[in-house]
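*Asks:* compute the structure for the input listed below.
(one chain, ligands or ions: 1)
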Amino acid sequence: MQFVSTRGRSTTADFSEALIQGLAPDGGLYLPDRIPYVSPSLWKHATDFPEMSTKILHPWVSSLIHEETLRSLIRDALDFPVPLVKVGPAWVLELFHGPTLSFKDFGARMMSRWMNHFVQQEPLTILVATSGDTGSAVADGFCNLPNLRVAVLYPKGQVSPTQEKQLIVRRDGVRAYAVHGTFDDCQAMVKQLLASPEKLRLSAANSINIGRLLPQMLYYFWAFTQGQWESTHVCVPSGNLGNLTAGVLASLSGLPVTQFTAAHNLNDGFPRFLSGGEEPSADSIRTLSSAMDVGRPSNFERVKSLLTEDQIRALIRGYSCTDEVTLAAIRQVYEETGYIADPHTAVGLSAVRHMQDPVVVLSTAHPAKFSETIEDALGQRPEPVDRLDNLDQMPTDVKPLEPTSDALRHELERWD
Ligand SMILES: *Cc1c(COP(=O)(O)O)cnc(C)c1O
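*Replies:* Below you'll find the model as predicted:
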């Protein structure tokens with residue numbers, strides 16, 4: 001299989017080139033040149049998530065990785081449970097049981113194992129700009145891998161206290177930088193350095209990387225394995241549309257999803273597009289579901305390349321809600337079922353409240369990551385989680401950084 005740019009002006013790449021480049025040279029995003037069909041027999045009777053995942057992913061990478069090698073990379077990366085639980089009339093697929101407690105662990109951990117497999121000689125430095133969950137998932141996923149090191153950039157003062165603790169824990173091969181600027185500054189610094197990689201061997205780990213997207217298809221199949229529905233509706237709390245794009249890929253490879261809901265907060269450019277509006281182009285605004293605060297979702301370009309506009313509007317239903325509705329949904333779900341949903345999952349649950357058909361909501365983060373918001377909604381904090389509580393005792397390592405690519409280049413040149 002080869003990978004092609006959404007903009008069609010770059011030559012094709014094999015999986016390892018697409019993975020290591022991140023962005024295609026013409027500025028587009030990589031997609032496969034064909035989508036392998038996944039027979040229902042691969043997931044209907046599956047009993048083991050890593051084994052099912054090996055069978056589904058192998059056709060995507062088969063020219064470069066033996067099935068046996070892929071199996072061991074997957075067993076190492078995806079070594080946590082992915083339970084489907086009943087919450088009132090809906091099903092919730094909990095994607096937050098990985099080490100940093102959000103679904104970003106799937107993509108980050110799998111991508112790091114693949115990169116480590118392909119990068120055997122000169123070390124590669126991975127840059128990641130983060131507004132919250134991605135940075136800690138990537139830092140955790142890539143630490144202790146001999147040929148890879150990671151520089152994490154986050155906007156000082158603009159991530160939650162728990163998220164900051166997760167970002168600055170000392171990890172081998174990882175450096176955290178608190179940038180005096182915004183998330184957009186962090187992203188611009190990364191992009192500028194990537195465009196001029198001179199002596200530095202650099203790559204990026206944001207959601208434009210195809211290596212993060214492919215593993216996110218797997219849990220859609222696993223939801224169906226556990227639910228044993230003939231078909232069902234899937235609701236995806238969305239921001240940059242990476243998770244939704246992975247679901248679209250799963251559906252194009254044969255998974256019987258009747259329809260998707262793209263559940264957004266007030267950053268509602270994509271829902272507006274779905275109901276006939278212009279393409280999303282607004283600046284992002286801050287909300288309680290901060291990991292979904294995206295004004296111009298980068299994966300929109302992939303969705304448009306996979307489907308026609310008519311197909312997009314038929315397959316995907318849009319939804320958006322305010323912070324008040326998010327808080328009310330946390331309260332309502334708790335009162336009716338005793339389940340505590342994090343603010344992102346709550347946006348998804350509020351989107352499907354009145355739906356009759358079977359419906360699965362992807363739960364993207366653990367509520368303990370957003371305990372301040374849960375306390376606002378419920379007057380009580382969620383059960384503490386050891387992994388987060390222990391952070392208080394761990395050594396940290398973070399440096400302040402001016403928001404310029406020169407400042408970042410200077411840091412990277414002195415890293416050895
Ligand atoms: C990243 C993130 C999202 C949004 O996912 P996209 O793939 O960017 O649409 C939703 N919820 C949480 C908790 C996240 O970390």
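*Asks:* which secondary structure element of this structure has the lowest mean pLDDT?
*Replies:* helix 183-195 (a mean of 84; mean pLDDT, DSSP states H and E).
*Asks:* parallel or antiparallel, which strands does the next helix or strand after that one pair with?
*Replies:* Once the chain leaves helix 183-195, the next helix or strand it forms, by DSSP states H and E, is strand 202-204. Strand 202-204 has these partner strands in its sheet, going by DSSP bridges: strand 124-129 (parallel).
*Asks:* returning to that earlier point: list of residues touching the least confident helix or strand of the chain?
*Replies:* With contact meaning CB atoms under 8 Å, 6 or more residues apart in numbering, helix 183-195 is reached by 22-23, 127-131, 153-155, 158, 179, 200, 202-204, 206, 403-405, 407-409, 412. (Glycine included, C-beta is placed from N, CA and C.)
*Asks:* then it to PDB, C-alphas only?
*Replies:* The C-alpha coordinates for helix 183-195 follow below in PDB (Å, rounded to 0.1, in the frame of the first residue of the first chain):
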ATOM      1  CA  PHE A 183      -1.000  27.200  21.600                       C
ATOM      2  CA  ASP A 184      -1.000  28.800  18.100                       C
ATOM      3  CA  ASP A 185       2.500  30.200  18.900                       C
ATOM      4  CA  CYS A 186       3.700  26.700  19.900                       C
ATOM      5  CA  GLN A 187       2.300  25.200  16.700                       C
ATOM      6  CA  ALA A 188       3.900  27.900  14.600                       C
ATOM      7  CA  MET A 189       7.300  27.300  16.200                       C
ATOM      8  CA  VAL A 190       7.100  23.600  15.400                       C
ATOM      9  CA  LYS A 191       6.000  24.200  11.800                       C
ATOM     10  CA  GLN A 192       8.800  26.700  11.200                       C
ATOM     11  CA  LEU A 193      11.500  24.300  12.400                       C
ATOM     12  CA  LEU A 194      10.000  21.400  10.400                       C
ATOM     13  CA  ALA A 195      10.100  23.500   7.300                       C
END
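*Asks:* tell me the angle that helix makes with strand 124-129.
*Replies:* Angle, helix 183-195 to strand 124-129, by axes from the mean of the first three to the mean of the last three CA atoms, to 10 degrees: 150 degrees.
*Asks:* can you tell if helix 183-195 touches the ligand?
*Replies:* No - contact of helix 183-195 with the ligand is not found when judged by CB under 6 Å from any ligand atom; the minimum separation is 12.5 Å.
*Asks:* now that helix, how far from the chain's geometric center?
*Replies:* Between the centre of helix 183-195 and the centre of its chain there are 19 Å (CA atoms, centre = their mean, to the nearest Å).
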